[in-house]
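**Student:** here are the coordinates; sequence isn't available:
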Ligand SMILES: C[C@](O)(C(=O)O)[C@H](CC(=O)O)C(=O)O
Ligand SMILES: [Mg+2]
């Protein structure tokens with residue numbers, strides 16, 4: 001079954017589908033074993049975690065592909081990837097889609113910001129014309145080889161143009177072939193309901209922390225017609241806070257005793273990785289070698 005088909009099946013089976021950010025391969029393994037059904041690679045996350053950069057369109061297609069490949073080789077959950085503005089014009093976008101499919105991604109979202117993009121929850125975003133974004137979507141849709149590969153259009157228009165204009169854009173994007181709409185940085189029940197009533201494709205709600213949107217529950221969002229709920233950087237933010245505490249404690253206390261309880265144990269780490277199965281195989285191989 002293709003990654004895209006798996007994603008669509010998960011979407012159909014869950015109202016709404018929770019999609020959790022997994023900053024690396026190991027996080028993806030944990031998310032799967034805990035019971036999640038869809039995972040996400042954040043553009044901001046790749047920039048921050050893998051390159052130490054802000055989320056300002058400075059990472060390339062290949063930078064993101066490298067992280068996609070690491071995650072899809074380790075975990076077979078359907079992965080949605082943030083492809084920012086698609087990295088260029090129609091030919092570049094087509095290449096982006098082909099490379100994402102080959103790397104095992106199930107879904108992408110492409111946004112209507114200018115190439116000098118910003119995080120969707122920051123001020124002073126600029127967006128391209130509806131026509132230009134429609135061309136981006138058509139290029140993406142034409143390039144897919146798996147008809148189930150899920151192509152979502154993200155609109156950042158609400159902040160600058162307001163609700164009605166953002167919905168009008170979303171309609172044009174669906175007309176151009178978008179399979180879903182990521183309504184970025186909208187805020188209230190009324191906004192979510194308006195998007196979902198106006199469109200007959202699934203709507204994504206971005207529950208990113210410390211942004212412009214309240215942290216609504218999946219039940220609430222589901223009632224308002226939302227089909228997908230995204231937690232792009234939640235685990236990453238928590239990991240960073242935990243690491244910060246460890247680094248400070250080591251410096252201040254001269255040892256880590258005060259924070260050992262906050263750490264995942266060696267046993268838990270190994271359990272997620274199936275370490276003991278590998279070890280048994282290794283032991284068996286060594287034993288065979290000795291019997292010869
Ligand atoms: C979803 C997002 O595009 C991302 O890169 O993860 C970001 C998340 C964030 O910065 O909180 C966005 O909303 O722009
Ligand atoms: Mg992003």
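**Tutor:** Here it is on my side, so go on. Computed from a predicted model, the values in this text were never measured in an experiment. Numbering: from 1, shown residues only. Ligands and ions are numbered 1, 2, ... in the order given.

**Student:** Of all residues in the protein, which one is nearest the centre?
**Tutor:** In the chain, the centroid-proximal residue (CA atoms, centre = their mean) is residue 40; its distance is 2.6 Å.

**Student:** and residue 183, what does it touch?
**Tutor:** 155, 158, 166, 170, 191, 192, 195, 203, 204, 205 (CB atoms under 8 Å, 6 or more residues apart in numbering). (C-beta placed from N, C-alpha, C; glycine too.)

**Student:** And for residue 8?
**Tutor:** Taking CB under 8 Å, 6+ apart, one finds 148, 150 in contact with residue 8.

**Student:** and if we set it to 10 Å?
**Tutor:** In this structure, residue 8 makes contact with 2, 78, 106, 107, 148, 149, 150, 179, 202, judged by CB atoms under 10 Å, 6 or more residues apart in numbering.

**Student:** Read off the pLDDT value for the third one.
**Tutor:** This means residue 106. pLDDT for residue 106: 99.

**Student:** wait, doesn't it sit right on residue 4?
**Tutor:** Yes. Counting by CB atoms under 10 Å, residue 106 does reach residue 4; the two are 5.1 Å apart.

**Student:** Between those two, point out the one with more neighbours.
**Tutor:** With neighbours defined as other CB atoms under 10 Å, residue 106 and residue 4 compare such that residue 106 has more, 26 against 21.

**Student:** and residue 182, what element?
**Tutor:** strand 180-183 (DSSP states H and E).

**Student:** Can you list the buried residues in the helix or strand that that strand is followed by?
**Tutor:** Counting by DSSP H and E, the next helix or strand C-terminal to strand 180-183 is helix 189-198. The neighbour-count check on helix 189-198 (16 or more other CB atoms under 10 Å) flags 191, 192, 194, 195, 196, 198 as buried.

**Student:** before we move on, what about stretch 121-132?
**Tutor:** Neighbour-count burial for stretch 121-132 flags 121, 125, 127, 128, 130 (criterion: 16+ other CB under 10 Å).

**Student:** Can you tell me which of the residues you listed comes closest to ligand 2?
**Tutor:** Using CB to the ion, residue 121 is the member of the buried residues of stretch 121-132 that sits closest to ligand 2, with 9.9 Å.

**Student:** Could you give the number of residues near residue 237?
**Tutor:** 17.

**Student:** quick one, what contacts whichever residue of the stretch 51-200 of the chain sits closest to ligand 1?
**Tutor:** The minimum distance from the stretch 51-200 of the chain to ligand 1, using CB to the nearest ligand atom, falls at residue 120 (3.3 Å). By CB under 10 Å, 6+ apart, residue 120 lies in contact with 44, 55, 111, 113, 154-156, 158-159, 182-185, 206, 208, 211-213, 232.

**Student:** And for residue 194?
**Tutor:** Applying CB under 10 Å, 6+ apart to residue 194 gives the contacts 163, 164, 166, 167, 183, 186, 188, 224, 225.

**Student:** Check what contacts the helix or strand that contains residue 160 and list those residues.
**Tutor:** When elements are assigned from DSSP H and E, residue 160 belongs to helix 158-161. Helix 158-161 has contacts (CB under 10 Å, 6+ apart) with 120-127, 155, 164-170, 183-187, 191, 195, 212.

**Student:** likewise stretch 275-286?
**Tutor:** So stretch 275-286 is contacted by 266, 267, 269, 270 (CB under 10 Å, 6+ apart).

**Student:** Of the residues you listed, which pair is most distant in space?
**Tutor:** Maximum pairwise distance among the contacts of stretch 275-286 (CB to CB): 7.2 Å, between 267 and 269.

**Student:** Between the two, which is the more surrounded one?
**Tutor:** Regarding residue 267 and residue 269, a neighbour count based on other CB under 10 Å identifies residue 269 as having more, with 13 against 9.

**Student:** Now do the phi/psi pair for that one.
**Tutor:** Per-residue torsions, residue 269: phi -60, psi -50 (degrees, to the nearest 10).

**Student:** Just the pLDDT at it, thanks.
**Tutor:** So, for residue 269, pLDDT stands at 98.

**Student:** if I pick residue 13, what's in contact with it?
**Tutor:** Taking CB under 10 Å, 6+ apart, one finds residue 37 in contact with residue 13.

**Student:** Fine by me, thanks again.
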